[in-house]
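Peer 1: Have a look at this prediction, sequence included:
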2 protein chains.
Amino acid sequence: MKEILDYFKDDLAMTEEIINNNIHSTIKVIPELSQYILESGGKRFRPLMVIASAALCGYRGEKAHIAACVAEYIHTATLLHDDVVDESDTRRGKTSANSIWGNEASVLVGDFLLAQAFSMMVHHLTSSSLKVMAQVCMHLAEGEILQLLNSFNINTTIDNYYQIIFGKTAALISACCEVGAILSEARDKEREALKTYGQELGYTFQIVDDCLDVTGNPKKTGKPSGNDLKEGKLTLPLLTTLKKASKEEKRTIQEAILADEITPQLIQRVKTIIMNHRGIEAAREKAREHARRAVEQLEIFEESLEKHYLTKVAFLSAEREV
Amino acid sequence: MKEILDYFKDDLAMTEEIINNNIHSTIKVIPELSQYILESGGKRFRPLMVIASAALCGYRGEKAHIAACVAEYIHTATLLHDDVVDESDTRRGKTSANSIWGNEASVLVGDFLLAQAFSMMVHHLTSSSLKVMAQVCMHLAEGEILQLLNSFNINTTIDNYYQIIFGKTAALISACCEVGAILSEARDKEREALKTYGQELGYTFQIVDDCLDVTGNPKKTGKPSGNDLKEGKLTLPLLTTLKKASKEEKRTIQEAILADEITPQLIQRVKTIIMNHRGIEAAREKAREHARRAVEQLEIFEESLEKHYLTKVAFLSAEREV
């Protein structure tokens, strides 16, 4: 990824400036809490997608940096609201905002960031971009609600899982790419292609995230491993495993999901079951399939450095280990 | 108010239809929870203000109903998020949404309503209305955060109080009236007048709410009395009382604010102190002053039934007992 980040270095730096310059408020806790969560080592993956998609279609400039900032604010707001939802203690390896400032501040600063994103869009972007972003906010809320409804639910299906990750991840990454095309005044065909590229990339991204929750090194990923299980989230590695598991293995998994306090031993037993049924490999293969579908969408574009990089982003996302 | 509600009966009925028709989702909890809170006897005061302000400037029609619905969704979303913040058990006399569905669902359905409001604005309203509404969302978040920061703070000033109620109440009512003017393509002078009218009306409305928290009959207001004290909110009746209170009375008030579990006896003692210093009368007088200022703004408009009603709304708001 280093090479890609280098190529868009200036755009990303300008986006960073916009991100930092728009959280001012006379109320100190707003910039404090916002900065804290915005600086918590986020990859700025969504901003990169806006910038790279716009560049692919021929536009590099301020509107892309603003839209990139808007995407990051929306994403950050959902993290803040999600922290409340999950009652998480850590986020990206650091103590979560809500356990320092309280649930209340997390909700309200999330609302502030949403309002700021909304305000920036209204002042700087066109109606088509606004419509895409409005729609994505609904998908985000729906995705998070679906996730909540399916948590600790042993009957969650793979269809449910896809609905959830569409809402919570794929929809926003898709919108980032689509807005990139809109900023460049690209043709409908290109806009559609980037929209689908982003959606498939989003699936890749989230499925790999869910694999890393099982196999990742907490020191590298910044997330405690086995977290999804603790939060009662049934993700693709587990769902594919459940299809193949024996009655007894299913019972162990059920016990783990429904446990009031899950022990490290129980987490380890579930991990072993997943490994034995090659649940990670199956999920990684799915992630690769989505990455391939993402890349197929780029076929309509002429060869360019940007196309090369977007292709690489998709394949690297499927293989990443952090 | 009955006469005013009658006059705008058809507009309010159409707004109600829009309010009910835009909370659909394949996810059942969204319409369920939304309906529950939207039906909890809200006065639809904000929708009425959009409709009446537009009518004053000569416009009655669908755009006013949509903007009215947007205002109610935004207001409802802040109630849902505020319930999380306050850890309230009741809201408008009914069990609060978060104690039935949980904090998580309240936050997320609030987000859904905000997203829906945003989407409706983007599709149906002009850029000027959007800018006003984006700004108000920031004020709302700031107001709620300020309230949080000042809760249980014995050093809250009357200036702090006004900043809080501007953000949490006056800004949105002001925006409702301003958007009414924008929809009618009113001149800047009229738009400004309605913006200020709404702000002053908002102050009136909130100050009276805070008086009713001390003196109101819970059966009529639908809110448990003394709630603000329980939540550590220092409101105008108490703040004006604190200025006149003896050292011993101040100590009682401080004890009440900082108590881990406030007893009904302690609430009663604080109420008695407020009464003895005529704190309610002082706050009501302030409310009347704001109502007069609101009405002054209407002077630039020619006489009309709408002007008559908006005048009446302001004066009635200052005197209301529920």
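Peer 2: Arrived safely. Numbering: from 1, shown residues only, chains lettered A, B, ... in the order given.

Peer 1: who in chain A is up against chain B?
Peer 2: A:25, A:27, A:29-30, A:78, A:81, A:84-85, A:103-105, A:107-109, A:111-112, A:114-116, A:118-119, A:121-123, A:127, A:130-131, A:134-135, A:137-138, A:140-142, A:144-146, A:148-149 (C-beta under 8 Å from any C-beta of the partner chain). The way it works is simple: take the backbone N, C-alpha and C, and place the C-beta from them, glycine included.

Peer 1: where does chain A have its least confident helix or strand?
Peer 2: When each helix and strand of chain A is scored by mean pLDDT, DSSP states H and E, strand A:90-91 comes last, with a mean of 49.

Peer 1: when you check the residues of chain A next to chain B against the helices, which ones overlap?
Peer 2: When DSSP state H is applied, those are split such that A:29-30, A:78, A:81, A:84-85, A:103-105, A:107-109, A:111-112, A:114-116, A:118-119, A:121-123, A:127, A:130-131, A:134-135, A:137-138, A:140-142, A:144-146, A:148-149 fall in helices.

Peer 1: Just the buried positions in stretch A:292-307, please.
Peer 2: Buried residues in stretch A:292-307, counted by 16 or more other C-beta atoms under 10 Å in any protein chain shown: A:293-295, A:297-298, A:301, A:306-307.

Peer 1: packing partners for the longest helix along chain A?
Peer 2: When secondary structure is assigned using DSSP H, the longest helix within chain A turns out to be helix A:188-215. Taking 3 or more C-beta pairs under 8 Å, 6 or more residues apart in numbering or on different chains; DSSP states H and E as contact, the helices and strands that helix A:188-215 lies on are helix A:45-56, helix A:158-165, helix A:171-183, helix A:227-230, helix A:236-244, helix A:279-296, helix A:305-319.

Peer 1: can you redo those as JSON lines with mean pLDDT?
Peer 2: Shown next, in JSON lines, are the helices and strands packed on helix A:188-215 (pLDDT from 0 to 100):
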{"stretch": "helix A:45-56", "mean pLDDT": "98"}
{"stretch": "helix A:158-165", "mean pLDDT": "97"}
{"stretch": "helix A:171-183", "mean pLDDT": "98"}
{"stretch": "helix A:227-230", "mean pLDDT": "88"}
{"stretch": "helix A:236-244", "mean pLDDT": "96"}
{"stretch": "helix A:279-296", "mean pLDDT": "98"}
{"stretch": "helix A:305-319", "mean pLDDT": "97"}
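
Peer 1: Deepest-packed of the ones you listed, please.
Peer 2: Greatest average neighbour count among these goes to helix A:171-183 (a mean of 29), per mean count of other C-beta atoms under 10 Å in any protein chain shown.

Peer 1: what's around the spatially closest residue to A:Gly216 that is not a sequence neighbour, how many residues?
Peer 2: In space, and not counting its chain neighbours, A:Gly216 is closest to A:Ser225: 5.8 Å by C-beta to C-beta, 6 or more residues apart in numbering or on different chains. When neighbours are defined as other C-beta atoms under 10 Å in any protein chain shown, A:Ser225 has 18 of them.

Peer 1: contacting residues for A:Ser225?
Peer 2: A:213-218, A:267 (C-beta atoms under 8 Å, 6 or more residues apart in numbering or on different chains).

Peer 1: What is the nearest of these to B:Thr169?
Peer 2: Checking the contacts of A:Ser225 against B:Thr169 with C-beta to C-beta, the nearest one is A:Asp213 at 43.0 Å.

Peer 1: Spatially nearest residue to the closest one, not counting backbone neighbours?
Peer 2: Residue nearest to A:Asp213 in three dimensions, not counting chain neighbours: A:Asp228, with 4.7 Å by C-beta to C-beta, 6+ apart.

Peer 1: okay but that neighbour is in contact with A:Asp210, surely?
Peer 2: Yes - taking contacts as C-beta atoms under 8 Å, A:Asp228 lies within contact range of A:Asp210: 6.6 Å.

Peer 1: Mind listing the shared neighbours of the two?
Peer 2: With C-beta under 8 Å, 6+ apart, A:Asp228 and A:Asp210 have common neighbours A:Thr235.

Peer 1: To what extent is the residue of the stretch 201-322 of chain A found nearest chain B buried, counted in neighbours?
Peer 2: Residue nearest to chain B within the stretch 201-322 of chain A: A:Glu231 (11.2 Å; C-beta to the nearest C-beta). Neighbours of A:Glu231 under the rule other C-beta under 10 Å: 17.

Peer 1: was I right about it contacting A:Ser151?
Peer 2: Yes - with contact defined as C-beta under 8 Å, A:Glu231 counts as touching A:Ser151 (6.4 Å).

Peer 1: where does A:Lys243 sit relative to A:Ile267, distance-wise?
Peer 2: 21 Å (C-beta to C-beta, to the nearest Å).

Peer 1: now do A:Phe205
Peer 2: Distance, A:Phe205 to A:Ile267, using C-beta to C-beta: 24 Å.

Peer 1: Those two - which one has more neighbours?
Peer 2: Higher neighbour count among A:Phe205 and A:Ile267: A:Phe205, with 27 against 18, using other C-beta under 10 Å.

Peer 1: quick revisit: how much space separates the residue nearest to A:Gly216 from A:Lys233?
Peer 2: From A:Ser225 across to A:Lys233, the span is 13 Å (C-beta to C-beta).

Peer 1: for stretch A:128-145, which positions count as buried?
Peer 2: Within stretch A:128-145, judged by 16+ other C-beta under 10 Å, the buried ones are A:128-130, A:132-145.

Peer 1: whoops, stretch A:56-71 was the one
Peer 2: So, applying 16+ other C-beta under 10 Å, buried residues of stretch A:56-71: A:56-57, A:59-60, A:63-71.

Peer 1: How far does it sit from its chain's centre?
Peer 2: Stretch A:56-71 sits 19 Å away from the centroid of its parent chain (C-alpha atoms, centre = their mean, to the nearest Å).

Peer 1: For A:Ile19, which non-adjacent residue is closest in space?
Peer 2: What sits nearest to A:Ile19 in space, not counting adjacent residues and going by C-beta to C-beta, 6+ apart, is A:Cys69, at 5.0 Å.

Peer 1: Next, the angle helix A:236-244 makes with the strand or helix carrying A:Arg251.
Peer 2: Element membership of A:Arg251, judged by DSSP states H and E, is helix A:247-258. Orientation of helix A:247-258 against helix A:236-244 (axes from the mean of the first three to the mean of the last three C-alpha atoms, to 10 degrees) gives an angle of 140 degrees.

Peer 1: Which is the succeeding secondary structure element to helix A:247-258?
Peer 2: Counting by DSSP H and E, the element after helix A:247-258 in chain order, helix or strand, is helix A:264-276.

Peer 1: helices or strands next to that next one in the packing?
Peer 2: Using 3+ C-beta pairs under 8 Å, 6+ apart, the elements in contact with helix A:264-276 are helix A:227-230, helix A:236-244, helix A:247-258.
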